[in-house]
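Novice: how does the following fold in three dimensions:
(chains A and B)
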2 protein chains.
Amino acid sequence: MQNFTFHNPTKIIFGKGRIADLGAEVPAGQRVLVTYGGGSVLKNGTLDEVRAALKHSVVTEFGGIEPNPSFETLMEAVKLARETRTEFILAVGGGSVMDGTKFIAAAVPFPGEDPWDLVIRKAPVKKALPFGTVLTLPATGSEMNSGAVITRKSIGAKLAFGSPLLFPRFSVLDPTKTYSLPPRQVANGVVDAFVHTLEQYLTYPADAPMQDRFSEGLLRTLIEVGPVTLREPEQYEARAAFVWSATLALNGLIGAGVPQDWATHMIGHELTAKFGLDHAQSLAVVLPALLTECFEAKRAKLVQYAERVWDLRDGDAESRARQAIELTRTFFESLGVKTRLSEYGIGAGAIPGLVEALEAHGMKALGEHRDITLDVSRRILERAQ
Amino acid sequence: MQNFTFHNPTKIIFGKGRIADLGAEVPAGQRVLVTYGGGSVLKNGTLDEVRAALKHSVVTEFGGIEPNPSFETLMEAVKLARETRTEFILAVGGGSVMDGTKFIAAAVPFPGEDPWDLVIRKAPVKKALPFGTVLTLPATGSEMNSGAVITRKSIGAKLAFGSPLLFPRFSVLDPTKTYSLPPRQVANGVVDAFVHTLEQYLTYPADAPMQDRFSEGLLRTLIEVGPVTLREPEQYEARAAFVWSATLALNGLIGAGVPQDWATHMIGHELTAKFGLDHAQSLAVVLPALLTECFEAKRAKLVQYAERVWDLRDGDAESRARQAIELTRTFFESLGVKTRLSEYGIGAGAIPGLVEALEAHGMKALGEHRDITLDVSRRILERAQ
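Specialist: Residues are numbered from 1 along each chain as shown, chains lettered A, B, ... in the order given. Just a heads-up that it's a prediction; the model follows:
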């Protein structure tokens, strides 16, 4: 096991009817900015419940944070927060609203001239507004971590940033508040959580048996409950297991003390930034191609993955490992998430531009061995055709 | 899954050489009380490393906290902390030192007349001194939870208390600092972590697949690395896996959203208080007897435990479940921890007194169904002969 520091102070408030507990979490009398996205929280009543729970706060609302939250939109919220002297932010939504809110929380007290420096220059976050979240889309794990991904539309960039000051103070996870999600977003969420787990698991053996077992438990759970919750969105138990799995997949626990990959995410971000693929679609395209391209480096863990997650025990180790990659692809496709660039209308001609974008964003040495060069990324994209 | 709140703000600083990082965690210039136990931390150099790391603090030391830390001893530390106007406490030791330190942290600012009220009357902890820990004995999980068990020698009572204010600010887990432990304490630690996990797992199905998988992962890891780390104490990887498993077994995560038992602990505490059994010895005695006595209520989870933890797939479900109980007993015995009251020289004549002690301590309805009456506890103790 590698040395590690693990510190996750987010309070999780999980279950049916827990939005009512918000009142006890947000200090009474504070000026609260409630952030949300496209309006589904207005339609399905979630925002009404939030308003009722915050009756002892002075509430301002900012809607319209889009999928892949943009710097341009978020800076409007920063302006509003400064004008209203916001003391606490409450994000009501999925990964985009939560990630966007992390940026707002850091940008409002940012002493520099341009808060984009937080993202592009990794300017240190020395202060942030406190914030909490009410989750409506299980997928990104943003409700229990301190990272965020922000897009700058004007330059076609999608980049990560984070700080230990950007953990939510609390997150309310009421599975029933995710019932109204369209199937595409549920399927995307399952793929997203699955790939988050694999990015921290499918590297090389590191004598970390607990982390391996926890990851395998997450993967098996997602394989079991993913199709159920897609088919029967209001079956509480499957949805609850999915919600908690998606949170645990990226709260730092399974990644503590082990090598991590994240190349699939970095390459996928370029597909989203350039062609607008959903985040999970981009992962479903890149991951199987990457596992095939990096087969040798990942062989030992692929064999373990085949046995412990997919119950493959017959035949030689190599064929089991290759079969596990195919079962992963089949799993994504069974959820309705396509796994080939061509299925999204992206041809081979797009690949040089994608590799250039990786270069422009400093992604020249990806993966757990830092040996996924631009050339390897190109071959991964070619395999993803 | 049941509704739950999970909040664990303890920062874990894990790995070789991490005591050196203490200096960054304890605010410079503060008056720090360092608490420890019987002197092994003096002999093996751990305390010297702690002193070096705290060179910017004003340090007072309090040694002599005994196994099953006693109110009597701890009140001396409370007196010293008040006299020296302690601002931060650092516990260097195992579960007893850490639990004792939690009591000290709550007792020093306790406004009532008698801090024993914190334990016996569950007087609420409204304020506590901040504290951190340096772990030297993996077992109790006290390094990442907010509970403690305190003994009052004068009345033969061993009782639990806790408060959300009693999470350590940080815990340093350096597996090499546990190398010098005697084998008996290592074996006890493995049994303790194993039973902690079972108390939260072996109840009844609750549609919590992740919690089940995590628990099964902990149990399998302890079965794998327990014997290795007992045989080869300085094999880093096995010891590191054991240390992290023991922490994860009782940090609240696997118990969030599921029913919990804890009857084995409550009955075991009486064995320790009356006859001085090591905590883990008491658990090893009670658990197999309890699983047999409560077989019907736990049947479904016992079958799952048999299959997923012990790989038992042949024969009928009942015989697999019964075999899993026997394998659990055999596992404890393989570590050198005896599992029968008679092997500790305790005869049937002791049972009425133990049942009376349970009654005196309010333990009349134990277990996940609260149906382990005093009569059932008596039968469990009879089976444990």
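
Novice: give the contact list for the most far-flung residue of chain A relative to its centre.
Specialist: Within chain A, the residue lying farthest from the chain centre (C-alpha atoms, centre = their mean) is A:G315, at 35.2 Å. Counting by C-beta atoms under 8 Å, 6 or more residues apart in numbering or on different chains, A:G315 makes contact with A:Q323. (C-beta placed from N, C-alpha, C; glycine too.)

Novice: same check on A:E232?
Specialist: Contact partners of A:E232, counting by C-beta under 8 Å, 6+ apart, are A:A238.

Novice: could you dump stretch A:75-85 to PDB, C-alpha only?
Specialist: Only the C-alpha atoms of stretch A:75-85 are listed here, as PDB (Å, rounded to 0.1, in the frame of the first residue of the first chain):
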ATOM      1  CA  MET A  75     -19.300  34.200 -13.400                       C
ATOM      2  CA  GLU A  76     -22.800  35.600 -13.500                       C
ATOM      3  CA  ALA A  77     -23.500  33.600 -10.300                       C
ATOM      4  CA  VAL A  78     -20.300  35.000  -8.800                       C
ATOM      5  CA  LYS A  79     -21.500  38.500  -9.600                       C
ATOM      6  CA  LEU A  80     -24.900  37.800  -8.000                       C
ATOM      7  CA  ALA A  81     -23.300  36.200  -4.900                       C
ATOM      8  CA  ARG A  82     -21.100  39.200  -4.400                       C
ATOM      9  CA  GLU A  83     -24.000  41.600  -4.900                       C
ATOM     10  CA  THR A  84     -26.200  39.800  -2.400                       C
ATOM     11  CA  ARG A  85     -23.300  39.200   0.100                       C
END
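
Novice: picking up where we left off before, and the residue farthest from the centre of chain A, helix, strand or coil?
Specialist: coil (DSSP: H, G, I helix; E, B strand; the rest coil).

Novice: now it: how far from A:D371?
Specialist: A:G315 sits 29 Å away from A:D371, going by C-beta to C-beta, to the nearest Å.

Novice: measure the residue farthest from the centre of chain A to chain B for me?
Specialist: 20 Å (C-beta to the nearest C-beta, to the nearest Å).

Novice: backbone dihedrals for that residue, please?
Specialist: Dihedral pair for A:G315: phi 80, psi 180, per degrees, to the nearest 10.

Novice: A:V59 looks like it's in a helix, true?
Specialist: No: read with three-state DSSP, A:V59 is strand and lies in no helix.

Novice: now do the domain split for chain A, please.
Specialist: A:11-177, A:182-383 (automatic domain parsing).

Novice: what would those look like in CSV with mean pLDDT?
Specialist: What follows is the domains of chain A, written out as CSV (pLDDT from 0 to 100):
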stretch, mean pLDDT
domain A:11-177, 95
domain A:182-383, 97
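
Novice: I'd like those laid out as TSV, including distance to B:F295.
Specialist: Output for these, formatted as TSV (distance: least, C-beta to C-beta, whole Å):
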stretch	distance to B:F295
domain A:11-177	31
domain A:182-383	26
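
Novice: contact residues of the stretch 251-385 of chain A facing chain B?
Specialist: Residues of the stretch 251-385 of chain A lying close to chain B (C-beta under 8 Å from any C-beta of the partner chain) are A:L253, A:A256, A:G257.

Novice: and the last one, which of the three is it?
Specialist: In other words, A:G257. Relying on three-state DSSP, one would call A:G257 coil.

Novice: residues in contact with it?
Specialist: Contacts of A:G257 by C-beta under 8 Å, 6+ apart are A:M1, A:Q2, A:N3, A:F4, A:A206, A:A208, A:Q211, B:F14, B:G15, B:W244.

Novice: what confidence value was assigned to the second one?
Specialist: This means A:Q2. Per-residue pLDDT puts A:Q2 at 98.

Novice: all strands of chain A, in order?
Specialist: Listed in chain order, the strands of chain A (DSSP state E) span A:4-6, A:11-14, A:31-35, A:58-62, A:88-93, A:131-135, A:147-152, A:157-162, A:170-173.

Novice: what sits against A:A128?
Specialist: Here A:A128 is in contact with A:K102, A:A105, A:A106, A:P109, A:S163, A:L165, A:L166 (C-beta under 8 Å, 6+ apart).

Novice: related to what we said a few turns ago, in CSV: the strands of chain A, plus mean neighbour count.
Specialist: Compiled in CSV, the strands of chain A are given as follows (neighbours: other C-beta atoms under 10 Å in any protein chain shown):
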stretch, mean neighbour count
strand A:4-6, 18
strand A:11-14, 23
strand A:31-35, 23
strand A:58-62, 18
strand A:88-93, 27
strand A:131-135, 27
strand A:147-152, 23
strand A:157-162, 20
strand A:170-173, 26
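
Novice: export the ones you listed as TSV, with columns for distance to B:A81.
Specialist: Converted to TSV, these look like this (distance: least, C-beta to C-beta, whole Å):
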stretch	distance to B:A81
strand A:4-6	28
strand A:11-14	29
strand A:31-35	39
strand A:58-62	42
strand A:88-93	35
strand A:131-135	35
strand A:147-152	39
strand A:157-162	38
strand A:170-173	32
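
Novice: nearest residue to the residue nearest to the spatial centre of chain A other than its sequence neighbours?
Specialist: In chain A, the residue lying closest to the centroid (C-alpha atoms, centre = their mean) is A:T140, at 2.5 Å. Of all residues not flanking A:T140 in the chain, A:G95 sits nearest, at 3.0 Å (C-beta to C-beta, 6 or more residues apart in numbering or on different chains).

Novice: A:G252 too?
Specialist: Among residues not flanking A:G252 along the chain, A:N8 sits closest, at 5.4 Å (C-beta to C-beta, 6+ apart).

Novice: pull the number of nearby residues for the one you found.
Specialist: By other C-beta atoms under 10 Å in any protein chain shown, 21 other residues sit near A:N8.

Novice: how about it, what does it touch?
Specialist: A:M144, A:N145, A:F167, A:N251, A:G252, A:L253, B:N8.
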